[in-house]
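J.: here is the input, now give the coordinates:
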Amino acid sequence: MESTELLGDEAMATPEVSSYGPVATNEAFTTHSEDDVPETASLLSEPLLSSDPDSASSTMVQVGKQGAIVLLCLINLINYIDRGIIPGAPEKFNQFITDTLGVSVLRQSVYFGLLTSAFIASYSIFSMVFGYFALTHRPFRIIALGMTVWVVAVAICGMAQAAESYYVLIAGRLISGVGEASF
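T.: Coordinates of the predicted model:
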């Protein structure tokens, strides 16, 4: 189970690695053996949706590993678009800041910087929180929770213009950082 590499007079233990990660051979490694397939691997190896005509919903299509990868890539693409939307359109957001807060052009940059900083701060803090949760909870549940939070945050950001409120936008960006930190 465990290979040993000699370095001088001392021996270093190297954990055996399987296709699912390190095999549990030491207390420091809290992963799976070859026989104990992780929850995520079994979810990816089975179809996510069934096209069986005998099933209750025969209109669903079968999605395998490739479908799951495509879905995760699309989510990540939308995620990166959301991250870069404020730095990518500074004129629009500066105008929004002036319209909602009534600040001068000289003060716009302060509030514009707060929008970006709010996202980065919440993203940084909650990356550590979700990193800990990744060790103790199922990854797909963490991603699902984060995506739910993120969708709510994007909806809040979208309502900021209708509400004519900078503070609604900054709250949405804070919550968006929390949601995006999960994946």
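J.: which residue ranges of this protein form helices?
T.: 39-45, 65-88, 90-101, 105-136, 139-163, 166-180 (DSSP state H).
J.: separation between Arg107 and Ile86?
T.: Using Cβ to Cβ, to the nearest Å, Arg107 is found at 17 Å from Ile86. Where you see a C-beta, it was placed from the backbone N, CA and C, and this is true even at glycine.
J.: of those two, who's got more company?
T.: Set Arg107 next to Ile86 and count neighbours by other Cβ atoms under 10 Å: Ile86 wins out with 18 against 13.
J.: count of residues packed around the closest residue to the more buried one other than its chain neighbours?
T.: The shortest distance from Ile86 to any non-neighbouring residue, by Cβ to Cβ, 6 or more residues apart in numbering, is to Leu115 (5.2 Å). Residues near Leu115, counting by other Cβ under 10 Å, number 22.
J.: right, and Leu115 touches Ile170 too?
T.: Yes. Leu115 lies in contact with Ile170 (Cβ atoms under 8 Å); the separation is 6.0 Å.
J.: against Ser165, how distant is the residue nearest to Ile86?
T.: In terms of Cβ to Cβ, Leu115 sits 13 Å off from Ser165.
J.: ok, the residue nearest to Ile86 - contacts?
T.: The contact partners of Leu115, taken as Cβ atoms under 8 Å, 6 or more residues apart in numbering, are 86, 93, 169-170, 173.
J.: tell me the buried residues within these.
T.: 86, 93, 169-170, 173 (16 or more other Cβ atoms under 10 Å).
J.: care to break the protein down by domain?
T.: 2-37, 70-180 (automatic domain parsing).
J.: now do the contacts for the closest residue in space to Val168 that isn't next to it in sequence.
T.: Excluding its sequence neighbours, the residue lying closest to Val168 (Cβ to Cβ, 6+ apart) is Ala160, at 4.2 Å. Counting by Cβ under 8 Å, 6+ apart, Ala160 touches 96, 166, 168-169, 172.
J.: and if you look at Ser109?
T.: Contacts of Ser109 (Cβ under 8 Å, 6+ apart): Asn94.
J.: surely Ala134 and Ile143 touch.
T.: No. In this structure, Ala134 is not within contact of Ile143 by Cβ under 8 Å, at 9.7 Å.
J.: between the two, who's got more neighbours?
T.: Remark: of Ala134 and Ile143, Ile143 carries more neighbours, 17 against 14, as counted by other Cβ under 10 Å.
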